[in-house]
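1. 3D, please:
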Amino acid sequence: MIPGNWTESAARALAAVEHDSRVPGPRELLWALVDQESRASEILASGGLDASTLAECLPRVDEESEPTTPGLDLVLQEAIRLSGLAGRVAEAGTEHLLWGLAQADETIGRVLADHDLQPESLAPMIEAAAGIETAPLETDEHLDPMPVPDTGTDTFRVMDASANRAREGLRVVEDIARFVLDDSHLTGLLKQLRHDLATALKPLDGGRFVAARDTTSDVGTTVTTEQEHQRGSLRDVLEANLGRVQESLRTLEELAKLKTTGPDTPSPASHFERARYDLYTLHKALATTLEAKRRLDGHHLYLLAGESSCQGGIGPAVRGAVAGGVGVVQLREKTLEDAALLDLARRVRRWTRDGGSLFVMNDRPDLAVLADADGVHVGQQELDVRSVRRIVGPNRLVGVSTHSIQQARQAVLDGADYLGVGPVFPSQTKSFDSYAGLEFVRAVAQEITLPWYAIGGISAENLAEVAEAGATRVAVGAAICAADDPEATARELCQELTRDPA
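-> Numbering: from 1, shown residues only. Below is the predicted model:
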């Protein structure tokens, strides 16, 4: 316990707690105050808390009970503090100990409050018990402080700075999407977000932002860090500006909750909140696009292979295709039992790793993990991207089949690493009710730069049409698996895909 100057009755109560308790705690001290005649016991009795009543609320801690949590230091500090405020610097009494218990122990404070002995009502009782009046003396002179008008200038100054940061950061991010990624889809969404921000700011501004601006006396203009003036990569530029926008939107959202608009104007705080959540989604899509482009750079040809679809056996087909330049191999096999499929997946994993290609499992994120695949591919009727991520984690690729521009846009926002775009033509390995065709390829080529592979019936005979529609990556099955020489066929397709159109 902390030392202090105590009245005789307070010292007896503290000594009793030290002597009788294995682990002295607030409840033991409360019972020590009740057991002796003191100012504290009188105050408790005035609230109807005698020994029998207290026993129902806070039973004594006997030798068989678990010791209560130690916490007397804070109680004693509060008692000494109140004693000093009351003018009794030399001594603190039992009434001050009771105050400390009410302030420092939540359970005891709740019981006391239930009997109208909360701290605000205890204070005058303690004063009366101590015979000391701590209320301020009334005088004949009344000084009315000068009111400080709340013009909202500082609030508008913060809003102005935050709005500027948000607009500037959004412009940097939009320029990266537009000029670096050439991504019409994400650029359009970012542009819409800028317009939504301007709409939300309009009822708050009305010329007040500029009027409140005071750049010359802004202390923040001289507070900088070395990291502010350095960016290691384009990804760093993107992350820094996305962070600036998100933080600024949060500031605007919080300040917009203040009534800074007219009485009949709804608060725009919800608009800033919505913009912040939308930006989180765009942040993910932009970051995923940059990373996926890096990981799939140079991987223009994608093979879909299965034991039953490769006429010379899946082993020779995959090894030959990888040697011929196939960058990604997907194991698509619907007929095998799980154990046999996992065994085959592990073999394909070994062949692709030896050849420097990526390996993707079709539809089975669980087996993708067990086989140590680089990713998994799912269709529109299979698991969604979020569910797949929960199984395979953040580092494996997740591809999604898309059959319309709406599905392609959504897959980008869902966080897919690449898209399958098709079916373009009738396929020898999979039947479809309808075909998205070359028009879908053109639509995706115009909007989306997340890596995507045109798929469905593509072969050396029609590859030029697909490339002319805008595809730079294609996925094939029978074109290689049914070929007499998978390696030569793969090499021919790769050369056609990477040929300079000039």
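2. so where is the stretch 151-300 of the chain shaky, pLDDT-wise?
-> 151, 259-266 (pLDDT under 70).
3. again with the chain
-> 1-4, 20-23, 61-71, 84-90, 119-121, 123-151, 259-266, 428-433, 501-502.
4. Okay, domains of it per the record?
-> Following automatic domain parsing, the chain resolves into domains at 8-130, 153-217+229-292, 297-498.
5. nearest to V223, of these?
-> domain 153-217+229-292 (13.1 Å; Cβ to Cβ). The way it works is simple: take the backbone N, C-alpha and C, and place the C-beta from them, glycine included.
6. Assign a three-state SS to G420, would you?
-> Recorded secondary structure, G420: strand (DSSP: H, G, I helix; E, B strand; the rest coil).
7. how about the spatially closest residue to G470 that is not a sequence neighbour, what does it touch?
-> Nearest residue to G470 in three dimensions, chain neighbours excluded: A445, at 2.5 Å (Cβ to Cβ, 6 or more residues apart in numbering). Contact analysis of A445 by Cβ atoms under 8 Å, 6 or more residues apart in numbering lists 469-471.
8. Could I get the buried residue list for whichever strand or helix holds A445?
-> Using DSSP states H and E, A445 sits in helix 437-447. Under the neighbour-count criterion of 16 or more other Cβ atoms under 10 Å, helix 437-447 has 438, 440-441, 443-445, 447 buried.
9. Please state the offset of the helix ranked longest in the chain from the chain centre?
-> In the chain, assigned by DSSP state H, the helix with the most residues is helix 269-295. Centre-to-centre, helix 269-295 and its host chain are 12 Å apart (Cα atoms, centre = their mean, to the nearest Å).
10. and the angle from the helix or strand harbouring L170 to helix 269-295?
-> Per DSSP H and E: L170 is located in helix 153-175. Between helix 153-175 and helix 269-295, the angle comes out at 30 degrees (axes from the mean of the first three to the mean of the last three Cα atoms, to 10 degrees).
11. what sits against the nearest residue to C57 once chain neighbours are set aside?
-> Leaving aside its sequence neighbours, C57 sits nearest to V111 (Cβ to Cβ, 6+ apart; 4.8 Å). Residues in contact with V111, defined by Cβ under 8 Å, 6+ apart, are 49, 54, 57-58.
12. can you redo the domains of the chain as JSON lines with distance to V223?
-> Putting the domains of the chain into JSON lines (distance: least, Cβ to Cβ, whole Å) gives the following:
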{"stretch": "domain 8-130", "distance to V223": "37"}
{"stretch": "domain 153-217+229-292", "distance to V223": "13"}
{"stretch": "domain 297-498", "distance to V223": "35"}
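13. tell me the contacts of R244?
-> 165-166, 168-169.
14. pretty sure D297 is in a helix, no?
-> No. Under three-state DSSP, D297 sits outside any helix and is assigned coil.
15. how much space between the residue nearest to G470 and G298?
-> 19 Å (Cβ to Cβ, to the nearest Å).
16. next one: I458
-> Distance from I458 to G298, by Cβ to Cβ: 19 Å.
17. what about those two, which has more around it?
-> I458 (26 against 8; other Cβ atoms under 10 Å).
18. so that one makes contact with V476?
-> Yes. Using Cβ atoms under 8 Å, I458 is in contact with V476, at 5.3 Å.
19. Out of the buried residues of helix 437-447, flag the one nearest to A287.
-> Using Cβ to Cβ, the buried residues of helix 437-447 come closest to A287 at E447, 18.5 Å.
20. and the closest one, what does it touch?
-> E447 touches 183-185, 405, 408-409, counting by Cβ under 8 Å, 6+ apart.
21. Now do it against T222, distance only.
-> 44 Å.
22. hang on, the earlier thing: which of the contacts of A445 has the most neighbours?
-> Going by other Cβ under 10 Å, A471 tops the contacts of A445 with 26 neighbours.
23. ok, back up a step: following the helix holding L170, which helix or strand shows up next?
-> Heading C-terminal from helix 153-175 (DSSP H and E), you reach helix 184-205.
24. name the helices or strands packed onto the helix or strand following that next one?
-> Next in sequence after helix 184-205, counting helices and strands by DSSP H and E, comes helix 208-212. Using 3 or more Cβ pairs under 8 Å, 6 or more residues apart in numbering; DSSP states H and E, the elements in contact with helix 208-212 are helix 153-175.
25. Compute the inter-axis angle for the helix it packs on and helix 184-205.
-> Going by the same axes, to 10 degrees, helix 153-175 makes 170 degrees with helix 184-205.
26. Helix 153-175 packs against which elements?
-> helix 184-205, helix 208-212, helix 234-256.
27. Figure out which of those is closest to L304.
-> Per Cβ to Cβ, nearest to L304 of those: helix 184-205, 25.9 Å.
28. Next, the angle helix 437-447 makes with whichever strand or helix holds S401.
-> Using DSSP H and E, S401 sits in strand 397-402. With the same axes, to 10 degrees applied, the angle from strand 397-402 to helix 437-447 works out at 130 degrees.
29. what are the pairing partners of strand 397-402, and which direction each?
-> strand 375-378 (parallel), strand 418-421 (parallel) (DSSP bridges).
30. Contacts for that strand next, please.
-> So strand 397-402 is in contact with 292, 295, 358, 360, 374-380, 385, 388-389, 392, 407-408, 411, 414-422, 444, 455, going by Cβ under 8 Å, 6+ apart.
31. what residue lies at the spatial centre of the protein?
-> Y280 (8.4 Å; Cα atoms, centre = their mean).
32. That one is in contact with L249, isn't it?
-> No. The pair Y280 and L249 does not pass the contact test of Cβ under 8 Å, sitting 10.1 Å apart.
33. and the helix or strand containing L413, what other elements does it pack with?
-> L413 is located in helix 405-414, with elements delineated by DSSP H and E. Other helices and strands packing on helix 405-414, by 3+ Cβ pairs under 8 Å, 6+ apart, are helix 184-205, helix 269-295, helix 385-392, strand 397-402, strand 418-421, helix 437-447.
34. Thanks a lot, catch you later.
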